[in-house]
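K.L.:
have a look at this prediction, sequence included:
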Amino acid sequence: MIKVLDSTLREGEQTPGVYFDRHIKLAIARLLDEIGIDIIETGHPTVTEDIRSAVHNIAHSKLNAIVAAHSRSVKSDIDQALDCGVSFIGIFYCVSDERLSTVFKKDLDAAIQQITDVIKYAKSVKPDLLIRYTPEDTVRSQFENVIKVAVAAVKAGADIISIADTTGYMIPGSDHNMYDYVRKLKNGLTNENLDPMIAVHCHNDRGLALANAMDGIRGGANIVDASVLGLGERAGIVDLAQLLTLLAADFKIDKWNLKLLPELYDLVSKHANLPIPLNFPVIGQNAFTHCAGVHTHAAAINPMHYESLNPELVGRERKFALDHMSGMASLNYALQVINYDNIEDELKKEVLKEIKTIGQKGRMVELSELPHIVEVCKHHKQFAS
């Protein structure tokens, strides 16, 4: 079954200007755990003392989720992560020829030696530790380098090989797609009698992170990385709520409490100082709000005419907006909600006309405002007659 790794506390903090205090990190981790996230990536302990402390706190909070830390391929980072008490360490090292020669000033064999030495060291200290190795910018690196280092890493003890689409380069259906890449990597490992778990880490530079993640699952990936609001470097990564909802609604994976997602997103949004976009899928304020008259008329009869997701799946409610696009169906629905449905049709027409006038000013009429509009229109009607 597919596992989800949430990286809000690690990749998410690579969003410019985003930092979560330790107590907020713990609150986020607990909510992720209540939702049923499989793996929570909590940070890179070597970066700051505050992050190290937060990782330690979360690792000792008796969560059901696997608690993970990020680490460079150096023993000092491994020691810091192990001291925090995590049971999963994700190490990374780029193996593209250009990066090796221009940044690291070493050849591939030397890089593989460093990577495998670190993996063996970590396993020798904690044999039951889960280790993920990520060739950074995997999909744009020479494949022969990737397969060589992946084979060596697994033989050294790595449990997971992560395919990093570090720059959001992959495009489904093109000659560089995640499905083919996962298949090719798995086949290469199988030829060496190796069968590690495969993870996909998809960035959203072209707006295709979720599509690429689904392509990776189709190719045989076992783990998908995601974060709340898709937080991460540049355009971020796969959005957690969109991924979980898709897997639950369309792939019938029933192991997450999706009704906690709105609370999680409100918490992260508030402390990241990033508002949830109104039209954000699943979680945005407008995600389950119908507006145009034709839509609301049909949706009031059967919501599935204009919905492919039931809002109750994620603890949300269906709404009908009242503005310049509204029709009588929207108004009737709203009047029923506030127990004002027993009014004359002529008065309803006046109320709808008033709502449209307000909507043309770029504002939506709230349900709490509707009784006042009804009363004003009723008074005006009596005065005019």
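P.N.:
Good, I have the coordinates. Numbers count the residues shown, from 1 in each chain.

K.L.:
use CA for all of it now, contacts and neighbours both
P.N.:
Will do.

K.L.:
what about the strands in the stretch 251-385 of the chain?
P.N.:
For the stretch 251-385 of the chain, strands defined by DSSP state E, counting those that start in this stretch occupy the ranges 289-290, 319-320.

K.L.:
mind checking which of these is nearest N212?
P.N.:
Nearest to N212 among the strands of the stretch 251-385 of the chain is strand 289-290; the distance by CA to CA comes to 27.9 Å.

K.L.:
so what does the closest one touch, helix or strand wise?
P.N.:
Under the contact definition 3 or more CA pairs under 8 Å, 6 or more residues apart in numbering; DSSP states H and E, strand 289-290 sits against strand 319-320.

K.L.:
check what contacts the strand it packs on and list those residues.
P.N.:
For strand 319-320, contacts defined as CA atoms under 8 Å, 6 or more residues apart in numbering pick out 288-291, 296, 330, 333-334.

K.L.:
could I get these as CSV with pLDDT and distance to E354?
P.N.:
Below are those laid out as CSV (pLDDT from 0 to 100; distance: CA to CA, whole Å):
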residue, pLDDT, distance to E354
F288, 91, 24
T289, 88, 20
H290, 85, 19
C291, 80, 16
T296, 78, 18
S330, 85, 14
Y333, 84, 17
A334, 87, 15
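
K.L.:
one step back: mind putting the strands of the stretch 251-385 of the chain into JSON lines with mean neighbour count and distance to K3?
P.N.:
JSON lines is the format used below for the strands of the stretch 251-385 of the chain (neighbours: other CA atoms under 10 Å; distance: least, CA to CA, whole Å):
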{"stretch": "strand 289-290", "mean neighbour count": "20", "distance to K3": "31"}
{"stretch": "strand 319-320", "mean neighbour count": "22", "distance to K3": "33"}
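
K.L.:
among the ones you listed, which is nearest K120?
P.N.:
strand 289-290 (53.4 Å).

K.L.:
ok so, going back, from the contacts of strand 319-320, pick the one nearest Y179.
P.N.:
Closest approach between the contacts of strand 319-320 and Y179, by CA to CA: F288, at 31.4 Å.

K.L.:
that closest one against G315, yeah?
P.N.:
No - here F288 does not reach G315: they are 11.2 Å apart, not a contact under CA atoms under 8 Å.

K.L.:
burial count for I171?
P.N.:
I171 sits with 18 neighbouring residues when counted by other CA atoms under 10 Å.

K.L.:
please name the residues that touch it.
P.N.:
For I171, counting by CA under 8 Å, 6+ apart, the contacting residues are 177-178, 208, 212.

K.L.:
what is the subsequent helix or strand relative to the helix of greatest length in the chain?
P.N.:
What stands out as the longest helix in the chain, according to DSSP state H, is helix 108-125. Remark: after helix 108-125, the chain's next helix or strand is strand 130-134, criterion DSSP states H and E.

K.L.:
between that next one and helix 108-125, how big is the angle?
P.N.:
Interaxial angle, strand 130-134 versus helix 108-125 (axes from the mean of the first three to the mean of the last three CA atoms, to 10 degrees): 170 degrees.

K.L.:
which is the next helix or strand following strand 130-134?
P.N.:
helix 143-156.

K.L.:
what is the helix or strand of the chain at the bottom of the mean pLDDT ranking packed up against?
P.N.:
The helix or strand of the chain with the poorest confidence is helix 293-301; it has a mean of 78 (mean pLDDT, DSSP states H and E). In terms of contact count using 3+ CA pairs under 8 Å, 6+ apart, helix 293-301 is assigned the packing partners helix 328-337.

K.L.:
compute the inter-axis angle for the helix it packs on and helix 293-301.
P.N.:
Using the same axes, to 10 degrees: helix 328-337 against helix 293-301 is 50 degrees.

K.L.:
can we start the residue count at 7 from this point?
P.N.:
OK, 7 is where the count begins now, so the last one is helix 334-343.

K.L.:
and the contacts of helix 334-343?
P.N.:
297, 299, 302-303, 306, 326-328, 347, 354-355, 358, 373.

K.L.:
re earlier: give me the more crowded residue out of F294 and G321.
P.N.:
Neighbour comparison, F294 and G321: the larger count goes to F294, with 21 against 15 (by other CA under 10 Å).

K.L.:
could you find the closest non-adjacent residue to that one?
P.N.:
Leaving aside its sequence neighbours, F294 sits nearest to R324 (CA to CA, 6 or more residues apart in numbering; 5.2 Å).

K.L.:
that neighbour touches C297, doesn't it?
P.N.:
No - with contact defined as CA under 8 Å, R324 and C297 do not form a contacting pair (11.2 Å).

K.L.:
higher neighbour count, the two?
P.N.:
For the pair R324 and C297, the greater number of neighbours falls to C297 (21 against 16), based on other CA under 10 Å.

K.L.:
for that one, give me phi and psi.
P.N.:
Backbone torsions of C297, given as degrees, to the nearest 10, read phi -130, psi -60.

K.L.:
which strand or helix spans V10?
P.N.:
Going by DSSP H and E, V10 is part of strand 9-12.

K.L.:
just the residues contacting that strand, thanks.
P.N.:
Counting by CA under 8 Å, 6+ apart, residues outside strand 9-12 touching it are 38, 43-47, 228-234, 246.

K.L.:
swap in stretch 47-57?
P.N.:
Residues from elsewhere that reach stretch 47-57 (CA under 8 Å, 6+ apart): 11-17, 28, 58-61, 64, 73-77, 83, 86-87, 90.

K.L.:
need the distance between the two termini of it.
P.N.:
Chord length of stretch 47-57, first to last residue, is 12 Å (CA to CA, to the nearest Å).

K.L.:
identify each buried residue in that stretch, please.
P.N.:
Within stretch 47-57, the residues that qualify as buried are 47-52, 57, counting by 16 or more other CA atoms under 10 Å.
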